[in-house]
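>>> coordinates only, sequence not included:
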């Protein structure tokens, strides 16, 4: 099908980043993949969550130490400037996840959207923080996102660049249908995200295959139910012995996986995404204006947790 | 895994019901499947949407004619009383979809939940009505749910029976994540539904395989994202030449399909559903009280259709 409007869309999955790896070494890997994506005709490339460092929330340490070792105080900064320069030179936009420390000392799990001119178009701060804030000495590793990060304060916004309306989210956000719906209600056409997902669940003996299957069905159903493209980039493989799932994918508004990473290493996948495809869904089965009934959805915003049945 | 609390859960898929088929003949088929389900140890069986008649919204006619031919003025009524009697005799509950005409003349696409004592425990009236209300003379068939039915006025409620909290929805509702979330926020453990889904989309040239794949990923992702069991019963096959999809399934809170119909005929599938399985999800990854952020979900209830980006 020849489309009226396409986006060259790539996902740059990353293999592990170990504690000993420098920012400079990581940025060189990202630059290599950015050039690879450009060579395939992509004008946008999605990098993972917390792409510049190892997934440090697995380690118990105090906030000051984490911030000193793993957070960015400016974006771009000295180590990341080459990404912005190369993006501008090639004319390719990107999504990048990193740990953000604000001048006021606030800490967020953040992503940015960068245009083909190398300028930051939008910022998102992770809202659905998983894990815990206390030390779990009996767990094989920690998941301290609730300790190291504040809940994002920027909402689920959308950003226009390359004649395309983008939404962003991060990792665990992708399992919550509210994430996509709020952005689709603002006309999002493509939702991009990065993730670091441990292969093992520290809370219960979850069969390992579910870590991947639940990741995939969440992306597929939410792409379909909103008539949007979804592109998701893993950081995966074994970081200093701690294994994380791969399966970076690009999902069409049909809910179909149209590109999928096969390794647990640095790997680029790409498609020429037909942005008009989602319109069939948004005009008919998911014509929100015609079919949605918010008067029956009130509990979604009136309640946080589970409560009594409606009378 | 030996579970603490299980539900013998069956789905009774139906092959076609033609215009010429009598209510009595249909009820005999339902009774056969109810006994089959009981014989497998099920104490609850899910029948399809509009189970008592052909899927009449495909035919253009006036409301009075439709109501005369296809609607129930009482439930149970003379033709359906045997279902209630047999349910009580066997000690098996059921979900049944039918076209409801109220004493006041209101018309709904309705389902009921019946207990093991043969008494009606709950009622649901379809909220997400698909299709159109005008005559489309160029379409191969009509989809007149917006003509023949009013939007349901009972909300998405939950009902306790057999030590289990049930939610109900109907057909197109299953593609809307709001449906499941509103019931999960009331503690639903099992969501049951029936559907009639034409194999062909009259609005655009949708590839036929998507009619099934989007059905399945919607059920799977929403079961997982709410930590609930979902059981879905099709009326399928070719009704007087109009083909509808099958693929009735039972989906676990893991998002996995654990039972699936293989035919497009009357067919019973069943599982012993471990109701404690969903608790792992509801206590950890989908602990709503801990992780949901309704302050960022407001557009879901403030907007019906797509609007401007948030500032």
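Good, I have the coordinates. All of these numbers come straight from a predicted model, not from anything done at the bench.
>>> quick one: contacts for the closest residue to chain B within the stretch 51-200 of chain A?
When distances are taken as C-beta to the nearest C-beta, the stretch 51-200 of chain A approaches chain B most closely through residue A:177, which lies 3.6 Å from it. Just so you know, the C-beta spots here come from the backbone N, C-alpha and C atoms, and that holds for glycine as well. Applying C-beta atoms under 8 Å, 6 or more residues apart in numbering or on different chains to residue A:177 gives the contacts A:221, A:222, A:225, B:177, B:181, B:221, B:222, B:225.
>>> which SS class is the second one?
Looking back up the chat, that one is residue A:222. Reducing the assignment at residue A:222 to three states with DSSP: H, G, I helix; E, B strand; the rest coil gives helix.
>>> ok, back up a step: can I have the buried ones of the contacts of residue A:177 as a ChimeraX selection?
Buried residues within these, as defined by 16 or more other C-beta atoms under 10 Å in any protein chain shown, are selected in ChimeraX through the command that follows:
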select /A:221,222,225 /B:177,181,221,222,225
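>>> Nearest to residue A:80, out of the contacts of residue A:177: which one, please.
In terms of C-beta to C-beta, no member of those lies closer to residue A:80 than residue A:222, at 29.8 Å.
>>> Around the closest residue in space to residue A:156 that isn't next to it in sequence, count how many other residues there are.
In space, and not counting its chain neighbours, residue A:156 is closest to residue A:182: 4.3 Å by C-beta to C-beta, 6 or more residues apart in numbering or on different chains. Residue A:182 is flanked by 26 other residues according to other C-beta atoms under 10 Å in any protein chain shown.
>>> So residue A:182, which state does it fall into?
Classification of residue A:182 into helix, strand or coil gives helix, according to three-state DSSP.
>>> That one: what's it in contact with?
With contacts defined as C-beta under 8 Å, 6+ apart, the neighbours of residue A:182 are A:155, A:156, B:296, B:297, B:299, B:300.
>>> Dump the contacts of residue A:177 to CSV, plus distance to residue B:56 and pLDDT.
Supplementary listing: the contacts of residue A:177 in CSV, determined by distance: C-beta to C-beta, whole Å; pLDDT from 0 to 100:
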residue, distance to residue B:56, pLDDT
A:221, 30, 98
A:222, 33, 98
A:225, 28, 98
B:177, 29, 98
B:181, 31, 98
B:221, 31, 98
B:222, 28, 98
B:225, 34, 98
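>>> Which of the contacts of residue A:177 sits closest to residue A:250?
Ranked by distance to residue A:250 (C-beta to C-beta), the contacts of residue A:177 are led by residue A:222 at 13.7 Å.
>>> hang on, isn't the closest one packed against residue B:222?
No - assessed by C-beta atoms under 8 Å, residue A:222 is found out of contact with residue B:222, at 10.0 Å.
>>> thinking again about what came up before, what score does the residue nearest to residue A:156 have for pLDDT?
Residue A:182 is assigned a pLDDT of 98 by the prediction.
>>> And residue A:203, by the same measure?
Per-residue confidence at residue A:203 stands at 85 (pLDDT).
>>> residue contacts, the closest residue to it other than its chain neighbours?
Distance criterion C-beta to C-beta, 6+ apart; nearest residue to residue A:203, sequence neighbours excluded, is residue B:284 at 4.2 Å. When the contact criterion is C-beta under 8 Å, 6+ apart, the partners of residue B:284 are A:201, A:203, A:204.
>>> Hmm, the last one is touching residue B:282, no?
In other words, residue A:204. No - the pair residue A:204 / residue B:282 is not scored as a contact, 11.6 Å apart, by C-beta under 8 Å.
>>> The two: which is more packed in?
Counting neighbours by other C-beta under 10 Å for residue A:204 and for residue B:282 shows that residue B:282 has the greater number, 20 against 11.
>>> what about the more buried one, which SS state?
The local conformation at residue B:282, judged by three-state DSSP, is helix.
>>> Now do the contacts for it.
Taking C-beta under 8 Å, 6+ apart as the test, what residue B:282 contacts is A:306, B:227, B:288.
>>> Now that you've got those residues, can you turn the buried subset into something I can paste into ChimeraX?
This is the ChimeraX syntax for the buried subset of the contacts of residue B:282, where burial follows 16+ other C-beta under 10 Å:
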select /B:227,288
